[in-house]
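# no sequence for this one, just the structure:
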């Protein structure tokens, strides 16, 4: 969903882990857009400290909102990996303490309900929500092959099944990814995330999966049907490809226009170097 913003409006980046927040910060820097980064303790990459901003705990809503206001941010972007916390261990500030009961109640209904509740807090304060894909210039997966490797007919069958499994898991608010090899479901992503799922596949017996020089199977990533794509669109980066190769997979893919690419040129280079396909399934 695109968001109209005043020219030069400062972006508040709520940064978790992984490469996505760094990509967003670099894009803002390249475009000369003012940026203020909320680095979430225990998740955000230390390199983000080079940008104006603060470090804050997950439940320090008052401190976060006050800092965004002082920095004159008009919109916010949520990006990066944030694992569901143990709510009993959080140390909320006064604002956080008033919000936490509602957030905990939303969390019992699933991750998407939790995200919608958190978004509503910022929207109630007047902030527009910008999607990472909009900030990165709409860098989502196109239809067809991205790079020089094209999947075989059998590999497409595996990918389509992996996407179907991921979609069904998403309906239950479980995760966004699945791995299928020769028609057999090897893994479904849950709370551990894509990287950990791929490492789990790499530990399976060799006869169930591919190996270097003889890759088999595919990783499919699909958004949950009810999720807000502004804050939780599936993502692939070079790390995804490296772990897919380690797991013996032939490639990765997703729904065209609904899988975010972190650094498209680097992804293509890595896929070609590793001999992996990246495929966008046209849903039209």
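Right, received. Where do you want to start? Since we're looking at a predicted model, the values are computed, not measured.
# nearest spatial neighbour of residue 204, skipping sequence neighbours?
Nearest residue to residue 204 in three dimensions, chain neighbours excluded: residue 186, at 6.2 Å (CB to CB, 6 or more residues apart in numbering). To be clear about C-beta, it is placed using only N, CA and C from the backbone, and glycine gets the same treatment.
# and the host helix or strand of the one you found, how far out from the chain's middle?
Remark: residue 186 resides in strand 184-188, with elements defined by DSSP states H and E. What separates the centre of strand 184-188 from the centre of its chain is 21 Å, taken as CA atoms, centre = their mean, to the nearest Å.
# now for it, which elements pack on it?
Other helices and strands packing on strand 184-188, by 3 or more CB pairs under 8 Å, 6 or more residues apart in numbering; DSSP states H and E, are helix 153-171, strand 177-181, helix 194-202.
# average pLDDT across that strand?
Averaging pLDDT along strand 184-188 gives 97.
# tell me what the helix or strand bottoming out on mean pLDDT in the chain is packed against?
Of all helical and strand segments in the chain, the minimum by mean pLDDT, DSSP states H and E falls on helix 229-232, at a mean of 70. Under the contact definition 3+ CB pairs under 8 Å, 6+ apart, helix 229-232 sits against strand 73-79, helix 111-124.
# Name the surrounding residues that touch the longest one.
Counting by CB atoms under 8 Å, 6 or more residues apart in numbering, helix 111-124 makes contact with 61, 65, 76, 78, 84, 99, 102-103, 106-107, 129, 173, 224, 226-228, 230-232, all of which sit outside it.
# Can you say which of those residues are buried?
The neighbour count (16 or more other CB atoms under 10 Å) marks 61, 65, 76, 78, 99, 103, 106-107, 129, 173, 224, 227-228, 230-232 as buried among those.
# just to revisit the earlier point, what strands flank the strand holding residue 186, and is each parallel or antiparallel?
Using DSSP bridges, strand 184-188 pairs in its sheet with strand 177-181 (antiparallel).
# so how far is the strand it pairs with from its chain's centroid?
On CA atoms, centre = their mean, the centre of strand 177-181 falls 17 Å from the chain's centre.
# Same question for stretch 179-187.
Relative to the mean C-alpha coordinate of its chain, stretch 179-187 is positioned 22 Å out (CA atoms, centre = their mean).
# cool, stretch 128-136 as well?
Mean-position distance between stretch 128-136 and its chain equals 13 Å (CA atoms, centre = their mean).
# and if you look at stretch 71-85?
In terms of CA atoms, centre = their mean, the centre of stretch 71-85 is found 12 Å from the chain centre.
# Between the two ends of stretch 45-55, what distance do you get?
Length of stretch 45-55, first residue to last, CA to CA, to the nearest Å: 11 Å.
# Any chance you could list what contacts that stretch?
13, 15, 17-18, 21-22, 25, 29, 35-41, 44, 63-64, 67, 71.
# quick one, what contacts the nearest residue to residue 199 once chain neighbours are set aside?
Leaving out its chain neighbours, the residue that sits closest to residue 199 by CB to CB, 6+ apart is residue 243, at 6.3 Å. Residues in contact with residue 243 (CB under 8 Å, 6+ apart) are 194-195, 198-199, 202.
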